[in-house]
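> How does the following fold in three dimensions:
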Amino acid sequence: MTRSRKIDNMRRSRIVVLIPYFNDQASLCKLIEQLSTASFALASDILLLIVDDGSVPPLENAIGEEFRSAFPCRVVTLKRNLGPARAIAIGLASAVNDDLAGIVVIIDADGEDNPTDISRTHCCIG
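Residues are numbered from 1 along each chain as shown. Model (predicted):
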């Protein structure tokens with residue numbers, strides 16, 4: 001297998017969990033805890049891509065080791081609130097432009113989405 005094919009396979013196996021975020025750090029912490037305890041029987045690596053939709057203070061200033069120790073994490077900070085649809089669009093553009101993943105999963109931090117659905121979905125398409 002060539003080096004470029006190995007890199008391409010690694011990108012395809014990576015799952016980016018795209019999380020639009022606005023001023024609710026407690027819910028985000030709970031989601032990350034749920035993600036880390038969910039049974040991801042995956043051979044994939046997971047990257048959190050959090051789009052901070054104009055929070056005050058910005059999430060990047062408040063982010064602690066509990067975020068970064070569970071999963072690799074990238075934060076995209078928007079200067080003002082643009083709404084969840086625009087935050088998701090910006091996050092998807094970031095994931096595509098930076099060639100971060102083969103699979104992007106969008107999940108809200110508000111508790112409506114079940115993190116265990118990620119492994120079920122991955123099994124269906126992987």
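> Could you use CA atoms for every contact and neighbour count after this?
Will do.
> would you list every one of the helices in the chain?
Using DSSP state H, the helices of the chain run over residues 3-13, 25-37, 59-62, 65-70, 84-97, 116-125.
> per-residue confidence averaged over the fourth one?
Taken as a whole, helix 65-70 carries a mean pLDDT of 65.
> likewise the first one?
Within the predicted structure, the mean pLDDT of helix 3-13 is 48.
> Next: the second one.
Computed over helix 25-37, the mean pLDDT rounds to 85.
> what does it rub up against?
Tyr21, Leu59, Glu66, Phe67, Ala70, Phe71, Ala109, Asp110, Gly111, Pro115, Thr116 (C-alpha atoms under 8 Å, 6 or more residues apart in numbering).
> List buried residues within those residues.
In these, burial by neighbour count holds for Tyr21, Leu59, Ala70, Ala109, Pro115, counting by 16 or more other C-alpha atoms under 10 Å.
> of those residues, the lowest pLDDT goes to which?
Comparing the buried ones among the contacts of helix 25-37 by pLDDT, Ala70 comes last, at 71.
> Relative to Asp45, how far out is that residue?
Distance, Ala70 to Asp45, using C-alpha to C-alpha, to the nearest Å: 12 Å.
> just to revisit the earlier point, farthest pair within the contacts of helix 25-37?
For these, the farthest-apart pair by C-alpha to C-alpha is Leu59 and Thr116; their separation is 24.7 Å.
> ok, Thr77 - contacts?
By C-alpha under 8 Å, 6+ apart, the neighbours of Thr77 are Val51, Asp52, Asp53, Gly54, Pro58, Leu59, Glu60.
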